[in-house]
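with the sequence up front, the predicted model follows.
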2 protein chains.
Amino acid sequence: MTLKILLAEDDTELRETLVDALEFEGMAVRACDCAETAIAAAQQERFDIALLDLVMPGMTGIEAQTALKQIQPDMGLVLTTAFATVDTAVEAMKKGADEFLTKPFNLEALATTLRRVQAQRQTQPQFADEEADKIFAALSNPIRRQALLHLSHHAPMRFMDLCRKVGIEDHTKFNFHLRQLKQSGLLQQNVNKLYILTNKGRQMCQLLAGE
Amino acid sequence: MTLKILLAEDDTELRETLVDALEFEGMAVRACDCAETAIAAAQQERFDIALLDLVMPGMTGIEAQTALKQIQPDMGLVLTTAFATVDTAVEAMKKGADEFLTKPFNLEALATTLRRVQAQRQTQPQFADEEADKIFAALSNPIRRQALLHLSHHAPMRFMDLCRKVGIEDHTKFNFHLRQLKQSGLLQQNVNKLYILTNKGRQMCQLLAGE
DNA sequence: AGGTTCAGATAAGGCCACTTCACAGAAACC
DNA sequence: GGTTTCTGTGAAGTGGCCTTATCTGAACCT
């Protein structure tokens, strides 16, 4: 599969060098001399990875990465700069960069890095299909979501404590819902029969809580 | 609300200074002289934020942040070091750090940073309750998940093209499922009646695809 | 104009999910 | 020991969800 790269680099000579090197590595490169042009291209065409110079006239690479992430959320983002500071590196990573490279860099190593970024973003689907059915069905119920969120803050818990915390008077009703959560793989009981989240349960709680 | 800080810093004098300063700011601090001790503490007690020195004997701060994230996934992570390089900063951020600070730093500014990290991690829940019911119910069906995933790669699409792509022969059956997706707020139609994802739809596709 | 495809809307039937009820054994308490 | 609480299990009833069938008007093609 041919990697589609969106390149934004204002230095003409370096830009052409990068295009040659990456095309020699079998990638398809769309080269732009500024961030604004790259953003316009992303609105017309899909790319796998954006390779953005940090310091360009007009929009910076960091500003461009934010805009590109909105246009194509699954695009990889790699920032490059000759003037790296810890602060700018941290800022770029916080704003969603997958990688931050300081110039000068070896062109072959760059291609390897781009392939690694793409491979890491093409992870396995997070759920097997039947697993997804169960997990999302479990989460579509408010009682179950509340139970999970309480457990993400106060684990481990006993059955009746959790039942009262969620505010359900009919314990058999609550037991049915906990059983669904157990069958979906989001919840388990420890050796003392106390309820705790599974790894997948913790992960889904992070989604529910907005992280 | 009192912020609970887990501090790992091998330099005795700095550790005591940090404890004094953060307690003076109204925070509750558990101080450890190494990462291993901090990890043991996190297994016994819940903390809001871990403040970890990067370079310590034994486990490094980066190694410790990975272990702490597994024990308490919603704990904030702040790394500090006097020997910052762009590479270590990028590595820490990639491994989940919320902030990366270079020494020396102003102690008042540190407290402000910790409060900001905590405030950013206490974002609003991502879904209103009824919205969550609809979204997760929509996602609990395999036909609907497939429709969303196709659209995340090939938007905009016409009804019958999408129906054939998902492999459903009965178009009225497929129409029912697209209607559920529209009602859940994950899918919409543009002015030409072509189907496209909403922002929330794109976000959930990222979850489905493992990002 | 007639035929085909598209893109819906509606209703009915059957299946699935949830609630309620009855019950049970175990553990804790007095 | 007797009573209360805890923590489950299974069955029946009810409402919601999904599939199927029927139909429609619009657009396109010959």
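That came through, no problem. Numbering: from 1, shown residues only, chains lettered A, B, ... in the order given.

just so I have it, where are all the strands in chain A?
A:4-8, A:28-32, A:49-53, A:76-81, A:99-102, A:187-189, A:195-197 (DSSP state E).

between those, which one is nearest to DNA strand C?
strand A:187-189 (14.1 Å; Cβ to the nearest atom of the strand). For the C-beta atoms, the positions are set from N, CA and C on the backbone; glycine is no exception.

check contacts around the closest residue to residue A:80 other than its chain neighbours.
Once flanking residues are discounted, residue A:80 sits nearest to residue A:101: 4.8 Å by Cβ to Cβ, 6 or more residues apart in numbering or on different chains. With contact set as Cβ atoms under 8 Å, 6 or more residues apart in numbering or on different chains, residue A:101 has these partners: A:78, A:79, A:80, A:81, A:110, A:113.

one more pass at 10 Å, please.
Residues counted as contacts of residue A:101 (Cβ atoms under 10 Å, 6 or more residues apart in numbering or on different chains) are A:51, A:54, A:78-81, A:84, A:89, A:109-110, A:113, B:86-87, B:90.

got it, and residue A:157?
Counted by Cβ under 10 Å, 6+ apart, residue A:157 has contacts A:147, A:150, A:151, A:163, A:165, A:194, A:195, A:196.

again, but for residue A:153
Listed by Cβ under 10 Å, 6+ apart, the contact set of residue A:153 reads A:205, A:209, B:46, B:74.

tell me the confidence at residue A:83?
Looking at residue A:83, its pLDDT reads 84.

tally of neighbours for the closest residue in space to it that isn't next to it in sequence?
Distance criterion Cβ to Cβ, 6+ apart; nearest residue to residue A:83, sequence neighbours excluded, is residue A:55 at 6.3 Å. Per other Cβ atoms under 10 Å in any protein chain shown, the neighbour tally for residue A:55 reads 13.

repeat that for residue A:183.
As a measure of burial, residue A:183 has 12 neighbours, counting by other Cβ under 10 Å.

one step back: deepest-packed of the strands of chain A, please.
Neighbour counts (mean count of other Cβ atoms under 10 Å in any protein chain shown) averaged over each of the strands of chain A peak at strand A:49-53, with a mean of 26.

whether that strand contacts chain B - can you check?
No. Judged by Cβ under 10 Å from any Cβ of the partner chain, strand A:49-53 and chain B are separated, with a smallest distance of 14.1 Å.

that older thread, now for the strands of chain A, which one comes closest to residue B:155?
strand A:4-8 (16.5 Å; Cβ to Cβ).

how distant is the closest one from the center of its chain?
Centroid separation between strand A:4-8 and its chain, computed with Cα atoms, centre = their mean, to the nearest Å, is 20 Å.

between that strand and strand A:76-81, how big is the angle?
Orientation check (axes from the mean of the first three to the mean of the last three Cα atoms, to 10 degrees): strand A:4-8 against strand A:76-81 gives 30 degrees.

so for residue A:40, which of the strands of chain A sits nearest?
In terms of Cβ to Cβ, the element of the strands of chain A nearest to residue A:40 is strand A:28-32, at 8.3 Å.
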